[in-house]
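Colleague: Model the following, please.
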Amino acid sequence: MQDDDDICMGSNAGVLSKILEGGSIEPGAQAGYELCKLIYLFHPLGGKMVDRPIKLAMSEPRTVHVTRGPE
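Modeller: You can find the predicted model right below:
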């Protein structure tokens, strides 16, 4: 069984190399959806950089106060 935090590159290392070596990434330029999705899927830290803050925020306890019910 594989943990969510484990990364298995396998044959996908070529895809990541093509993305990072390609000319579509330039400093200061906005990245497109497809490029961000590929980095998220194939970069060893791509998913962790996105998922960790979300997991941290969702783990905090919350109290919801309803001041007025439906009319």
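Colleague: buried sites along the host helix or strand of Pro53?
Modeller: In this assignment (DSSP states H and E), Pro53 forms part of helix 46-59. Residues Gly46, Gly47 are the ones in helix 46-59 that count as buried (16 or more other CB atoms under 10 Å). All C-beta atoms are positioned from the backbone trio N, CA, C, and that covers glycine.
Colleague: The chain should start at 632 in everything you say after this.
Modeller: Done: numbering now begins at 632, and the last item shifts to helix 677-690.
Colleague: Pull the distance from it to the chain's centre.
Modeller: 8 Å (CA atoms, centre = their mean, to the nearest Å).
Colleague: any idea of the mean pLDDT for it?
Modeller: Mean pLDDT, computed over helix 677-690, is 89.
Colleague: and it, what other elements does it pack with?
Modeller: The helices and strands touching helix 677-690, judged by 3 or more CB pairs under 8 Å, 6 or more residues apart in numbering; DSSP states H and E, are helix 664-673.
Colleague: Tell me what angle the worst-scoring helix or strand of the chain on mean pLDDT forms with helix 664-673.
Modeller: Sorting the helices and strands of the chain by mean pLDDT, DSSP states H and E puts helix 644-652 at the bottom, at a mean of 73. For helix 644-652 against helix 664-673, the angle by axes from the mean of the first three to the mean of the last three CA atoms, to 10 degrees is 140 degrees.
Colleague: Which secondary structure elements does helix 644-652 sit against?
Modeller: Using 3+ CB pairs under 8 Å, 6+ apart, helix 644-652 sits against helix 664-673.
Colleague: Against which helices or strands is the helix it packs on packed?
Modeller: Using 3+ CB pairs under 8 Å, 6+ apart, the elements in contact with helix 664-673 are helix 644-652, helix 677-690.
Colleague: so how far is it off the chain centroid?
Modeller: 8 Å.
Colleague: So what touches that helix?
Modeller: Residues from elsewhere that reach helix 664-673 (CB atoms under 8 Å, 6 or more residues apart in numbering): Met640, Asn643, Val646, Leu647, Ile650, Ser655, Ile656, Ala662, Gly677, Gly678, Val681.
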